[in-house]
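Trainee: show me the folded form of this:
(one chain, ligands or ions: 1)
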Amino acid sequence: MIFGLKKILITGSNGLLGQKLIKLFLCKNDFEIFAVSRGENRLNNKKGYTYYSMDITKQDKLSDLVNKIKPKYIIHTAAMTNVDACELHKKECDLINVEMVSTLTEMSKRNNIHLIHISTDFIFDGEKNSVYTEKDKPNPISHYGLSKLKSENIILKSNIKYTILRTILVYGLVDNNERSNIVLWVKNSLENKKEITVVTDQFRMPTFADDLAESCFLAIENDATGIFNVSSNTLLSIYDIAIEVARAFNLDEIFIKPIKTSKLFLPAKRPPRTGFDLNKSIKLLKLPVYAFGDRLQIFKEQIAKYESTLSQN
Ligand SMILES: NC(=O)c1ccc[n+]([C@@H]2O[C@H](COP(=O)([O-])OP(=O)(O)OC[C@H]3O[C@@H](n4cnc5c(N)ncnc54)[C@H](OP(=O)(O)O)[C@@H]3O)[C@@H](O)[C@H]2O)c1
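Mentor: Next up, the predicted model:
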């Protein structure tokens, strides 16, 4: 134990949000950071925190880890996030997205831990004509959405100190991660002159992973508990998101072909339209809100910096 530092455990540290969280908390001076994820640590920077490679669906191992660290905070990002895989492998999805949360909630209760849990717009059916508030009634239409709603309900009923951050279509730069995201997929495909079909009938408010990580920090800093929406303030069709990416990176839009969701025959249903009302988060979480286009410019700068570091090595 490092005297005076607040211990924080970040699950899923190899993932998109997990990596951003490690980088963010390393810049803060008052945290001792512990990270857990499956397999080897995929972050380029392996210093300044303690990494555990572990399948945290193994309840005993997860409990032992939490008992050993006794963190003040857990930020739980680990999840089965591929919506179609969740539809096809429901048991595995429930084990990761529901049972794991049940264990963490139990551990949080026993050890007086503030649990910060990441949830999703997919708990909604996407039929509302306006943006969703934190009070709107969920109605998931996919197994992924259902599993995330079940996990929220476990936490809500538990009497622990919790923050649930619901978010939408997260994108950002990650080290050594094969899992792509909407912006990187469009950018990489267009750079390779590969044609992509993109849906015109699903609308989202895309979220920059750095902003989502910041919202986790703000939940701690402002001692904000309850449910909060976190996203950009720009509602676009996924097709229009792709067009904005092409323009931001000066790539040829000709390779982006419009398609209707029904023509893709995907295993899981998607909510047609999910945007968030961010007023509660602005007020209580002190969430700074950005437009998608502005964050794309920051993302572009990050990529340029990352690529120049790679070329120097
Ligand atoms: N990405 C989005 O668009 C989006 C939208 C709404 C909500 N969310 C929520 O935001 C959170 C973070 O998402 P993300 O995009 O950062 O996810 P991600 O990139 O898929 O990362 C999740 C991480 O969890 C790890 N993990 C999964 N099962 C594990 C297990 N049994 N033991 C240990 N580690 C395990 C994975 O490890 P491996 O890499 O080794 O498999 C992965 O690195 C999730 O709760 C997700 O539901 C995401």
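
Trainee: bridging residues for the residue in the stretch 151-300 of the chain that the ligand sits nearest to?
Mentor: Here the residue of the stretch 151-300 of the chain nearest the ligand is Val170; by Cβ to the nearest ligand atom that distance is 3.7 Å. Just so you know, the C-beta spots here come from the backbone N, C-alpha and C atoms, and that holds for glycine as well. Judged by DSSP bridges, the bridge partners of Val170 are Thr207.

Trainee: per-residue pLDDT, it?
Mentor: The per-residue pLDDT reported for Val170 equals 98.

Trainee: who in the stretch 101-250 of the chain is up against the ligand?
Mentor: Residues of the stretch 101-250 of the chain lying close to the ligand by Cβ under 6 Å from any ligand atom are 118, 120, 148, 167-170, 179.

Trainee: of those, which is the most crowded?
Mentor: Lys148 (30 neighbours; other Cβ atoms under 10 Å).

Trainee: give me the element that residue is part of.
Mentor: helix 143-156 (DSSP states H and E).

Trainee: and that helix, C-alpha only, in CSV?
Mentor: Provided in CSV are the C-alpha atoms of helix 143-156 (Å, rounded to 0.1, in the frame of the first residue of the first chain):
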residue,chain,number,x,y,z
HIS,A,143,-29.7,-10.2,-25.5
TYR,A,144,-26.7,-7.8,-25.0
GLY,A,145,-29.1,-5.0,-24.0
LEU,A,146,-31.0,-7.4,-21.7
SER,A,147,-27.8,-8.6,-20.1
LYS,A,148,-26.7,-5.0,-19.4
LEU,A,149,-30.1,-4.1,-18.0
LYS,A,150,-30.0,-7.1,-15.7
SER,A,151,-26.6,-6.0,-14.5
GLU,A,152,-28.0,-2.5,-13.8
ASN,A,153,-30.9,-3.9,-11.9
ILE,A,154,-28.5,-6.0,-9.7
ILE,A,155,-26.6,-2.9,-8.7
LEU,A,156,-29.8,-0.8,-8.2
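
Trainee: touching it from outside, list them.
Mentor: With Cβ atoms under 8 Å, 6 or more residues apart in numbering as the test, helix 143-156 has contacts from 79-81, 83, 86-87, 90, 93-94, 97-98, 101-102, 105, 115, 117, 119-120, 122-124, 138, 140, 162, 164, 227, 268, 271.

Trainee: lovely, talk soon.
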